[in-house]
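[1] Mind folding the following:
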Amino acid sequence: SSKDNDGSEKDVFLRGGIGKILSTISTEGVDLLVATLCQSNYAIIEENTITLFPGGIPSDLEVETSSKSDYALYQIHVTKIATHNRIRRLEKDAETAKNNAISYQKKNMTKVALVHMRRRKAALEEIDRCATILENLIAGELRLERAKGDVQVVQSYTQLKEALQDVRESSGIENDDVEELMNDIREEMELANNSALTEGIYNSDVIDEDELY
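    Residues are numbered from 1 along each chain as shown. Model (predicted):
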């Protein structure tokens, strides 16, 4: 029993340590953790829910299309963050190389200055490549979100059609009956409006003799 108690205490201590780490982790760290779990087949993202599988995702588990698209969107999001961070690092490297080249050029160390200028050129070329990747990721993200939206619209229209059919079948009302009823209502409203207008004109012509004195 003492061994069991020692084991449970260790588990509590371990969970407490993990909790402290997770409480101070940055947004980038969370993204990296989730991406690692998904890539290692220990987690699935479904909309705003992350399902963890300590023993790994079962081979017979069927992943819905929606979760695949959500996972793809999350992957794009993580890659965008990583690309942004890489661009910032490359910009710093390019600036540092530029300053070093200027410094060595002032010391008449032209060859060393050229080495730093080549480093700066390579960094700038890599920045352009990362910027192109970022543009493609954003375009792909927009297309995927639009595709998901189109699916939702189609599903909504389909459910609306089925609901209307159900109402007609359960009520026994046909389209012709609805149109006839609407026409009757319009005629009654027009008659009521005409009567109110006639009454108003008639009353406006009546003059109270007391108002003349």
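
[2] for Gln75, helix, strand, or coil?
    In three-state terms, and counting by DSSP: H, G, I helix; E, B strand; the rest coil, Gln75 is helix.

[3] those helices in this structure, which residues are they?
    Taking DSSP state H to define them, one finds helices in the chain at 2-23, 27-39, 65-106, 110-171, 175-205.

[4] any idea of the mean pLDDT in the fourth one?
    Taken as a whole, helix 110-171 has a mean pLDDT of 86.

[5] Turn the helices of the chain into JSON lines, columns for distance to Phe53 and mean neighbour count.
    Where C-beta positions appear, they are placed from N, C-alpha and C, glycine not excepted. What follows is the helices of the chain, written out as JSON lines (distance: least, Cβ to Cβ, whole Å; neighbours: other Cβ atoms under 10 Å):
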{"stretch": "helix 2-23", "distance to Phe53": "17", "mean neighbour count": "10"}
{"stretch": "helix 27-39", "distance to Phe53": "9", "mean neighbour count": "14"}
{"stretch": "helix 65-106", "distance to Phe53": "13", "mean neighbour count": "15"}
{"stretch": "helix 110-171", "distance to Phe53": "25", "mean neighbour count": "13"}
{"stretch": "helix 175-205", "distance to Phe53": "52", "mean neighbour count": "10"}
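
[6] just so I know, which of those lies nearest Gly56?
    Smallest distance to Gly56 across those (Cβ to Cβ): 10.6 Å, for helix 27-39.

[7] surely Cys130 meets Arg88?
    No: using Cβ atoms under 8 Å, Cys130 is not in contact with Arg88, being 10.0 Å away.

[8] Give me the pLDDT value at Pro58.
    64.

[9] An error on my part: the question was meant for Ala43.
    Listed pLDDT for Ala43 reads 74.

[10] That one and Thr36, how far apart?
    Applying Cβ to Cβ, to the nearest Å, the value for Ala43 to Thr36 is 9 Å.

[11] what touches both of the two?
    Overlap of the contact sets of Ala43 and Thr36 (by Cβ atoms under 8 Å, 6 or more residues apart in numbering) is empty.

[12] count of residues packed around Ala43?
    Residues near Ala43, counting by other Cβ atoms under 10 Å, number 19.

[13] Spatially, what comes nearest to it if we skip its sequence neighbours?
    Closest residue to Ala43 apart from its sequence neighbours, by Cβ to Cβ, 6 or more residues apart in numbering: Leu37 at 3.8 Å.

[14] cool, and Ala72?
    Leu144 (6.2 Å).

[15] List the residues that contact the one you found.
    By Cβ under 8 Å, 6+ apart, the contact set of Leu144 is 69, 72-73, 76.

[16] Check those against Ala94 and report the nearest one.
    Ile76 (26.2 Å).

[17] Now do the contacts for the closest one.
    137, 140-141, 144.

[18] what's the answer for Asn85, then?
    Residues near Asn85 by Cβ under 8 Å, 6+ apart: Glu28.

[19] any idea how far it is from Val153?
    36 Å.

[20] cool, and Arg146?
    Taking Cβ to Cβ, one finds Arg146 at 10 Å from Val153.

[21] Can you pull the phi/psi pair for Thr24?
    Dihedral angles of Thr24 (phi, psi; degrees, to the nearest 10) stand at phi -110, psi 0.
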